[in-house]
Structure formats: C-alpha cells, structure tokens
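> Provided below for reference: sequence and predicted model.
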Amino acid sequence: MWKLLQIELYKIFRRPRTYIAFGTIAALIIILQVGLKLDGQEYLDFMLNSLSKFDVSGTVLNGYMVCYVTLQMLLINVPLLVTLIAGDIISGEANMGTLRFMLGKPYSRSQILIAKFLAASIYTFLLLIWLAIFALLLNLVIFGTGDLMIFKSSYLVIINHDDIFWRYIGAFCFAFLSMTTVAAVGFLLSIFAENSIGPIVGTMSVIIFFTVISTLNIPMYNVIKPFLFVTHMNVWKEFFDQKADAHNVGIPGTLQNPQRIISSALVLLAHIVGLVSLAVYIFKKKDILS
Amino acid sequence: MKKMLILLFTVPFCFLAAAQDMTDLVKKVKTKLDQVNDYEATGVLKTDIVFIKAPVSKIKVYFKKPDKFRLKKDGGISILPKGGVSVTVTNIVDIASFVALAAGESTVDGYPVKIVKVLPSDENNEIVLATLYIDEKNVLVRRATITTRENGTYDVSLSYGSYSNYGLPDKVVFSFNTKDYKLPKGITLEFDDDVKSSDMDKLKNKKGKVEITYSSYTINKGIDDSVFK
C-alpha cells in the first residue's frame, strides 16, 4: 500500500500542472501583501469607517488580520485548485489508457483507489501547508503580530495576540477537512469520466449549486442545509470567536461554539467516508473499457 | 418695614454666596488635581459593550497637562468610546471660564456629595454641561455626568484609594448609551449569524460600560510628547 501511495504521489508531483495551484496561491498572497503594505491604511480606514464613534488604537492591520482576510478570500477559490488534481486522478488515467494496465497489477481495486485518494489528500494537505506558510507565517514576518479584530455580522470580536496562533492551527486543520471533502467529490466524479474536464467542472458545479442553496433563506431549503457539505465548509471561522461572561467580556482560550465545529467536522468526515466508499463500490463493479 | 427691607436685600446675597461657594469648591478640586503635571499608570481595561466582545486587557495610561491623554494596550488593540475616556475630571475643572451652580446634595458610595452643575462659558467648548458629584470633605469628584458636543453623554464613576491625595482614582467606570451605535455589516462577509435583528435591537438599548482599574501611578516623572502621537 505504501508503494502504491508513493507511485501515486510521484504521478501527481511530476506533472507541471500540479504546481499551478501552488504558484497561484503564492502569487495571489504576494499581491495582497504588497497592496496592504503600501495601501493598508486606506483599507483600514474603510473597514473602521463605521466605528467612527470609537477610538481604535493599536496595530489593527497585523499579520493575523491579514491572514484572516487572505483565508476569507482564498478558501472560496482553493476548492477549484483541489479539483484540478482530484478530478483528474482516475479520469486522467482512463484518458491516457493506463487504467487497465494499472488494474492488472497485483493490488485490489480498493487498494488502488484508496491509495489514489490518499495521494489526493496529501496534495490537498501540502497545498494548505503552502497556504499557511504564505498567508500566516509570511504575514507575521511582514506585518508583525497583534490582537485580531474581527467584524462578525452583529458584533465585533477582539482576540488577544497570545490567544490566536492555536486558533489558526485549528482553522487550517478544519480547512483541510473541507478541502478533502471537495477532493472526495471530485474523486467520485472522476470514476465516471474518461476526461478530466468533466469531473473538474462537475465538482465546481456541485459546489456552486449547493452553496447557492445553503445561502438562500427559503424555509423549504432550510431542511436540507444541515446535510450539505458546503454549509459546513466555512465553519473554520468559528475558531475566531470566543465565549463571553455575563458582562460580554471575552474569555481567552475559549470557543464560542465548539459544538458546531465538532458537528460540522463529523458531517464533513461522514461525507468523505461516504463519497470514497461509494467511489470504491462503483469502481469495483465497473467494467474498465478504456 | 425696616426689617422687611433688610431681609429683602440680604436674601439674594445668600443665594449669591451659595453660587460662589460652588465655584470655590470646583477650584479646590482643581488645586488638588493641579499637583499632577503628568502620570503614567498601569491598569486593567474591561469593556462591557453589547456588540464588542473583548477580553480584559492590561493597559498603560499616559496623561500630561493640560489635556494630553493616551491609553495603550501592550501589543494589542483597544477600542474605546470617542471622547469619553479621554475627557477626564481634569478637563472639566481646567475650563477657563465657567459657571458652577449648586444642584443639591446626594450620596455616592456612602459619601455625602454636593451636586454641582458646571456650564462652560465658551460656546465652542467640547463639554456642553458637566454635573459633578463632589465629596467636599475629601475634595474628590465621586461621580460625573458629562455631556459633550460631538460624542454624547457619559456617566463617570470614580473610586479612590492610595492616590486620593492627588485626586487620582483607583477605578473609573464610564457608562454610555449604545442605542445609536451601529456596526458595519458585510465587511468580513459574515452571512451566517444566528442572532435576529429584533433581539439585537433589544440588546442595544443596554448601556455600554468601560471600566479601568488602576494598579499603580508614576506621577510627575516627565513624559515625552511622542507618547501621545
């Protein structure tokens, strides 16, 4: 199994197109960093405009804040970068005609598929590590540390600078779960196609479709929202809220809604297990004719 | 008839004498506070505002005569109602020209106080009206209600301890109405809030409070102006 995994990882990382995602993330973050470093004050003034009745002092635009803004923007788009690999993982082999050859090896179909999915997951993990290095570590070097100030839709949260780093670790771990779920969707669709474009477009269509449904506030759709994986993908933001005491004073080291994080993580995990199991089941019964 | 005339002329002077006493009382407070040219204080800031969730923070407060005031949180962000925390009792008693009217007596934290309404003569002064609850015996302001031109009305409660000889409080609580404060929506694209707007409106009718508890003061050691930039 380990040998299979090594082969799959080699196949993923020897392709130049694999590095498009890494390059794109690096380029986007650098552009954002340059923009905020040079024009950050204007952005900050816009953000604090509605707090005109308050005196805000301190380094608001610090590395933690810039990382949060970066994640908000990029984590919407990273699913596309994940599907580029996950959607190609079976259909790409079928397209090249190597699928039947690969299935002739002394490994079961289940083993081959699990190895492929693990390889896609490791790619996703490395992509997020790359994102963490550029969005978090590099931003801390460029913009420094400080408290994190976040505008929720009906209140403002300020988190102490020594209470933030572990929250980012948690958020990135959760983002990994979210992106792996996307990879699982692409992985399942990849089984049905002999061309990568179909599964990639299909996965993005599924995400867009379910995202629109999950943001609609129509009662008949509210019933299915808890079961959609896209509803839970943004729950990484729950790491950046804290409980308050009776006087609305924030309690450091706490999470406002840990139950929501746990339940969303379980929903995503269930999606991953379900989608991969379905993929394995279908693939085992499928006639490979390519 | 003669006695009636004497009474008629002396009664207004009694009232006049009472008004002068209030000005003298305010000036006594000023004299006490004038001992402090500058101070650097360490303390703890607690924000109790319904739409701001912030933890208790360690802060440093700097003051320099006549009206330089700065609050800093080490390595962090502080968010305070504008004009409230920085408008101190010193600002009020330092007003060049004012009218101080007696408005009765009361008790604050068990201390008998004289209520003094201070009206600045300058129409352009940031402070429109200040009601001071002055502990005459200890020459300390125990409470103040300050109406400002730009930033609304604040209630300030002051408790004293080791630094009462300088008129510097151990604890200050600023209260204000949060009814007219609004938060931006959509700046961080947070669309998944569960709190209904009607509940938020109820919550916003609460008063906001900012509490500063001072642990120590370093008085009259000199502070550079760059600290206030």
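Happy to help now that I have it.

> Give the other helices and strands that the helix or strand encompassing residue A:208 contacts.
Counting by DSSP states H and E, the element that carries residue A:208 is helix A:197-215. Secondary-structure packing of helix A:197-215 (3 or more CB pairs under 8 Å, 6 or more residues apart in numbering or on different chains; DSSP states H and E): helix A:63-86, helix A:165-190, helix A:229-233. Where you see a C-beta, it was placed from the backbone N, CA and C, and this is true even at glycine.

> pLDDT of it, averaged?
For helix A:197-215, mean pLDDT is 92.

> That one: which residues count as buried?
For helix A:197-215, burial by neighbour count (16 or more other CB atoms under 10 Å in any protein chain shown) applies to A:199, A:200, A:202, A:203, A:204, A:206, A:207, A:210, A:211, A:213, A:214.

> In TSV: the helices and strands packed on helix A:197-215, plus mean pLDDT.
Formatted as TSV, the helices and strands packed on helix A:197-215 follow (pLDDT from 0 to 100):
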stretch	mean pLDDT
helix A:63-86	90
helix A:165-190	95
helix A:229-233	93
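
> Could you check the pLDDT of the closest residue to residue A:40 other than its chain neighbours?
Closest residue to residue A:40 apart from its sequence neighbours, by CB to CB, 6 or more residues apart in numbering or on different chains: residue A:61 at 4.7 Å. Looking at residue A:61, its pLDDT reads 90.

> Show the residue spans covered by the helices in the chain.
Picked chain A for this. A:2-13, A:18-47, A:63-86, A:91-96, A:99-103, A:109-132, A:138-143, A:165-190, A:197-215, A:219-222, A:229-233, A:258-285 (DSSP state H).

> my bad, the chain I had in mind was chain B
Going by DSSP H, chain B shows helices at B:2-33, B:89-93, B:197-204.

> related to what we said a few turns ago, turn the helices of chain A into JSON lines, including distance to residue B:76.
Shown next, in JSON lines, are the helices of chain A (distance: least, CB to CB, whole Å):
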{"stretch": "helix A:2-13", "distance to residue B:76": "42"}
{"stretch": "helix A:18-47", "distance to residue B:76": "16"}
{"stretch": "helix A:63-86", "distance to residue B:76": "11"}
{"stretch": "helix A:91-96", "distance to residue B:76": "50"}
{"stretch": "helix A:99-103", "distance to residue B:76": "56"}
{"stretch": "helix A:109-132", "distance to residue B:76": "23"}
{"stretch": "helix A:138-143", "distance to residue B:76": "15"}
{"stretch": "helix A:165-190", "distance to residue B:76": "15"}
{"stretch": "helix A:197-215", "distance to residue B:76": "34"}
{"stretch": "helix A:219-222", "distance to residue B:76": "39"}
{"stretch": "helix A:229-233", "distance to residue B:76": "31"}
{"stretch": "helix A:258-285", "distance to residue B:76": "24"}
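
> What part of chain B, helix or strand, is modelled with the least confidence?
The weakest-scoring helix or strand in chain B, judged by mean pLDDT, DSSP states H and E, is helix B:197-204 (a mean of 51).

> chain center to stretch A:279-290: distance?
Relative to its chain's centre, stretch A:279-290 lies at 28 Å (CA atoms, centre = their mean, to the nearest Å).

> pLDDT on it, on average?
84.

> Go through it and flag the buried ones.
In stretch A:279-290, counting by 16+ other CB under 10 Å, buried: A:279, A:280, A:283.

> Between the residues you listed, which sits nearest residue B:133?
For the buried residues of stretch A:279-290, the minimum distance to residue B:133 (CB to CB) is 74.5 Å, reached by residue A:279.

> Let me see the contact set for the closest one.
A:113, A:117, A:184, A:187, A:188, A:191 (CB atoms under 8 Å, 6 or more residues apart in numbering or on different chains).

> any idea how far the first one lies from residue A:103?
Which is residue A:113. Computed as CB to CB, to the nearest Å, the residue A:113 to residue A:103 distance reads 10 Å.

> Same drill for the two, tell me which one is more crowded.
residue A:113 (23 against 14; other CB atoms under 10 Å in any protein chain shown).

> Quick check: pLDDT value at that one.
pLDDT, residue A:113: 92.

> What distance do you get for it to residue A:5?
Relative to residue A:5, and taking CB to CB, residue A:113 is found at 12 Å.

> Can you tell me what sits against stretch A:209-223?
A:224, A:225, A:228, A:229, A:230, A:231, B:191.

> same thing but at 6 Å, please
Among residues not part of stretch A:209-223, those counted as contacts by CB atoms under 6 Å, 6 or more residues apart in numbering or on different chains are A:225, A:228, A:230, A:231.

> cool, and stretch B:221-229?
B:38, B:62, B:64, B:68, B:70.

> same check, this time on stretch A:90-99
A:190, A:191, A:193, A:194, A:195, A:196, A:199, A:288, A:290.

> next one: stretch A:159-173
With CB under 6 Å, 6+ apart, stretch A:159-173 has contacts from A:64, A:128, A:132, A:136, A:145-148, A:236, A:239-240, A:252-253, B:55, B:75-76.
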